[in-house]
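Student: Below is the sequence, then the predicted model.
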Amino acid sequence: MKYILTILTMLLIFSCNKWKEPTEVDFYVDIDKTPTVNNQLAFTGGEIIVEYFDFDADRDKGEDVIFSKEFSTGLIIPFNINQPVAELDFVIPQGVYKRIDISFKTFDDNSDNCILILGDYTYLDGSIIPFRFEFTDSEEFSIRAENDDGGEIVLDKDRLSPAKILLNPSHWFQVLSVNDFQNATLTTVDGVSTIVINKNENDNIYDLVINRLDESALIIFNY
């Protein structure tokens with residue numbers, strides 16, 4: 001019995017000490033590329049420029065985990081699910097997390113597009129034209145993270161714990177009709193006729209889309 005108690009005590013100490021150690025978490029950023037507007041609007045990529053990144057979380061055991069990182073000149077993040085963002089490579093305490101809230105804001109201190117979405121639109125006659133959505137203002141995203149299997153988020157140094165941030169332009173443009181795009185004004189970009197949606201071009205579409213920017217975004221751990 002003495003030896004059993006000693007082993008149990010050692011296992012308990014090991015378990016407690018284990019969760020005090022940090023683990024590395026890589027963040028990936030991408031967009032949901034599900035086609036929308038009668039499947040005629042497809043998304044291919046783009047980028048986001050971020051001003052800051054906040055992490056606020058509660059663990060079952062151990063102190064809360066709160067930290068923030070600012071990017072004074074803006075952090076340019078291409079949408080790429082296959083490439084971790086080096087500047088968002090964080091060492092985070094291990095543990096079973098009851099809640100992880102992540103916030104970030106677009107960088108609007110210059111005239112660059114802080115959100116750029118690229119894609120193609122297929123007209124009813126079958127012809128295809130490039131599409132650009134350009135956003136230059138400040139927008140804050142506050143997202144409650146989830147685990148890929150719907151259970152608790154467990155960060156463990158003995159296994160990879162990647163996290164992906166997914167923005168959802170498919171949802172943003174869902175309120176639009178085929179006619180909105182069939183009748184959209186065209187702009188020449190690098191010598192190519194393009195549907196450009198921004199403050200000044202096709203602003204009727206732009207105004208509808210920007211009201212939905214912070215909706216349906218996801219952060220998924222351990223995917």
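Tutor: Alright, I've got the coordinates.
Student: Now the phi/psi pair for residue 182, please.
Tutor: In terms of degrees, to the nearest 10, the main-chain angles of residue 182 are phi -60, psi -30.
Student: Tell me where the model's unsure across the chain.
Tutor: 1-20 (pLDDT under 70).
Student: switch to 80 and redo it
Tutor: 1-20, 110 (pLDDT under 80).
Student: Give me the residue at the spatial middle of it.
Tutor: residue 165 (2.7 Å; Cα atoms, centre = their mean).
Student: Quick check: the gap between that one and residue 29.
Tutor: 5 Å (Cβ to Cβ, to the nearest Å). Yep, even glycine has a C-beta here, placed from its N, CA and C like the rest.
Student: With residue 141 instead?
Tutor: For residue 141 relative to residue 29 (Cβ to Cβ), the value is 11 Å.
Student: what does the strand or helix carrying the residue nearest to the centre of the chain contact?
Tutor: Element membership for residue 165 (DSSP states H and E) is strand 163-167. Strand 163-167 is contacted from outside by 25-32, 48, 79, 81, 102, 115, 141, 143, 145, 217-223, using Cβ atoms under 8 Å, 6 or more residues apart in numbering.
Student: Stretch 168-183 too?
Tutor: Contacts to stretch 168-183, defined as Cβ under 8 Å, 6+ apart, come from residues 31-38, 40-41, 43, 117, 119, 121, 123-124, 133, 195, 204-205, 208-209, 212-213, 215-218.
Student: Do me a favour and get the end-to-end distance for it?
Tutor: Separation of the first and last residues of stretch 168-183 by Cα to Cα, to the nearest Å is 24 Å.
Student: Pull out the buried residues from it.
Tutor: For stretch 168-183, a neighbour-count test (16 or more other Cβ atoms under 10 Å) marks 168-174, 176, 180-181 as buried.
Student: if we can go back for a sec, let's see which of the contacts of stretch 168-183 end up in strands.
Tutor: Among the contacts of stretch 168-183, the ones falling in strands (DSSP state E) are 31, 41, 43, 117, 119, 121, 133, 195, 218.
Student: what's the closest of those to residue 157?
Tutor: residue 218 (24.6 Å; Cβ to Cβ).
Student: so what's that closest one closest to, chain neighbours aside?
Tutor: Nearest residue to residue 218 in three dimensions, chain neighbours excluded: residue 166, at 4.5 Å (Cβ to Cβ, 6 or more residues apart in numbering).
Student: So what sits opposite that neighbour in the bridge?
Tutor: residue 30, residue 218 (DSSP bridges).
Student: Perfect, I'm done here.
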